[in-house]
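**Student:** Sharing a sequence plus its predicted fold:
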Amino acid sequence: MTITSDTSAPLVAVVGATGMQGGSVIKALAASRKPYRIRGFTRDTSKPAAKALSAQGVEMVNVSLTVDNKDQVFKVFQGANVAFIVTNFWEHFDKIRETAEGKMLIDAAKAAGVRLLIWSGLISAVEESKGKFVHVDHLDGKAEVTKYARSIIPAGGPTRFLNVIAGLYNTNFHLPVGLPRKQADGSFVIALPAPADSVVPSIDTARDYGLFVRKVIEEDVDPSVRDVGAYGEFISYADMVKQLSEITGKTVTYKEVTSDEYVAAAVAGGYPQRIALELSEMYQGIAELGYFGGTEIGNGNGKDRLPVGVEGAFTWAEWVKATDWSKILA
């Protein structure tokens, strides 16, 4: 079904329309058998990505989603039936800003009277670890927004709030701090501050995240469900590198390193010290607490009560096969 302008179709407002998650949501809705009107938000409608979406029928709105532009932000949500909201910590590395903007977006969607508000949140590292991991701002800021949304959107009210948590991005292993490092003998090593048998929910975010969002829009999710995990499969780091080796024909191994070693390597690779520490604590926290922490989603330990599954979401191996590794494993 193509995107429509028919006013009988529900209007879905999408934050981050040209980004990885928002773009995935639009792609999934455009491929649905059901018609949707889609309003996408961007800071620059003249950019190629925004123009491409506009050509597909998306109503692209030029708006800065910052607190100092609050009045305009509230206006652009008006008329929407469904809202998808995501914030981007990595754009500015500022937890206070991310939290303030996230809360404002929640307020704007609620004020617009949307029937369904879908938020891309994460667990709180500091709360789940009882104060052990205190530097994971990109988790804690989003968790604060989640808590705020639940405080102002009561269960059973006119607006339904759902937190669709993206799993660990497969593309993290294309970034300098997760990249396979070439060794003197021609082999490659992925080094993280976590045991090789740590199990994580992997996701091809650009391809599959939107499928989970579409499913909670189109299907009746049990009223008791508050969190939905978006991932293709639970898999250990050991199995990741094993499958990567088998599929690419390259020798790739996994090495558990200390936090200090990981941080030093990240800083040497150009990351600020505090961001390197943040990423180190993130990987340690995932290993110790489980990616989804104490939510009902579970941690791949046989007690997984994932309320929403999506057929066709890529496994790690499927993503590896579909990915060009020629430059990364060169």
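**Tutor:** Arrived safely. Numbering: from 1, shown residues only.
**Student:** how about stretch 154-170 as PDB, C-alpha atoms only?
**Tutor:** The C-alpha trace of stretch 154-170 is given here as PDB (Å, rounded to 0.1, in the frame of the first residue of the first chain):
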ATOM      1  CA  PRO A 154      -2.400   6.800  32.800                       C
ATOM      2  CA  ALA A 155      -3.200   3.200  31.800                       C
ATOM      3  CA  GLY A 156      -6.700   2.900  30.400                       C
ATOM      4  CA  GLY A 157      -6.800   6.600  29.300                       C
ATOM      5  CA  PRO A 158      -7.500   8.000  25.900                       C
ATOM      6  CA  THR A 159      -3.800   7.800  24.900                       C
ATOM      7  CA  ARG A 160      -1.900   4.400  25.000                       C
ATOM      8  CA  PHE A 161       1.800   4.600  25.700                       C
ATOM      9  CA  LEU A 162       4.200   1.900  24.600                       C
ATOM     10  CA  ASN A 163       7.900   1.700  24.900                       C
ATOM     11  CA  VAL A 164       9.400  -0.100  21.900                       C
ATOM     12  CA  ILE A 165      13.000  -0.800  22.900                       C
ATOM     13  CA  ALA A 166      15.500  -1.300  20.100                       C
ATOM     14  CA  GLY A 167      17.900  -4.200  20.600                       C
ATOM     15  CA  LEU A 168      21.700  -3.800  20.200                       C
ATOM     16  CA  TYR A 169      22.300  -2.400  16.800                       C
ATOM     17  CA  ASN A 170      24.200  -4.800  14.600                       C
END
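**Student:** List the buried residues for it?
**Tutor:** 159-170 (16 or more other Cβ atoms under 10 Å). The way it works is simple: take the backbone N, C-alpha and C, and place the C-beta from them, glycine included.
**Student:** Which of those sits closest to Ala194?
**Tutor:** Leu168 (11.0 Å; Cβ to Cβ).
**Student:** How about the secondary structure of the closest residue to the closest one other than its chain neighbours?
**Tutor:** Distances taken as Cβ to Cβ, 6 or more residues apart in numbering place Val200 nearest to Leu168, at 4.6 Å, with adjacent residues excluded. Classification of Val200 using DSSP: H, G, I helix; E, B strand; the rest coil returns strand.
**Student:** how about Val200, what does it touch?
**Tutor:** Residues near Val200 by Cβ atoms under 8 Å, 6 or more residues apart in numbering: 167-168, 234-237, 286, 291, 300.
**Student:** circling back: got CSV for the buried residues of stretch 154-170, with pLDDT too?
**Tutor:** Output for the buried residues of stretch 154-170, formatted as CSV (pLDDT from 0 to 100):
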residue, pLDDT
Thr159, 97
Arg160, 96
Phe161, 96
Leu162, 95
Asn163, 95
Val164, 95
Ile165, 95
Ala166, 96
Gly167, 95
Leu168, 97
Tyr169, 98
Asn170, 98
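**Student:** the domain parsing of the chain - what is it?
**Tutor:** 11-167+202-230, 170-200+233-288+311-322 (automatic domain parsing).
**Student:** will you turn these into JSON lines that also has distance to Thr4?
**Tutor:** JSON lines is the format used below for the domains of the chain (distance: least, Cβ to Cβ, whole Å):
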{"stretch": "domain 11-167+202-230", "distance to Thr4": "4"}
{"stretch": "domain 170-200+233-288+311-322", "distance to Thr4": "24"}
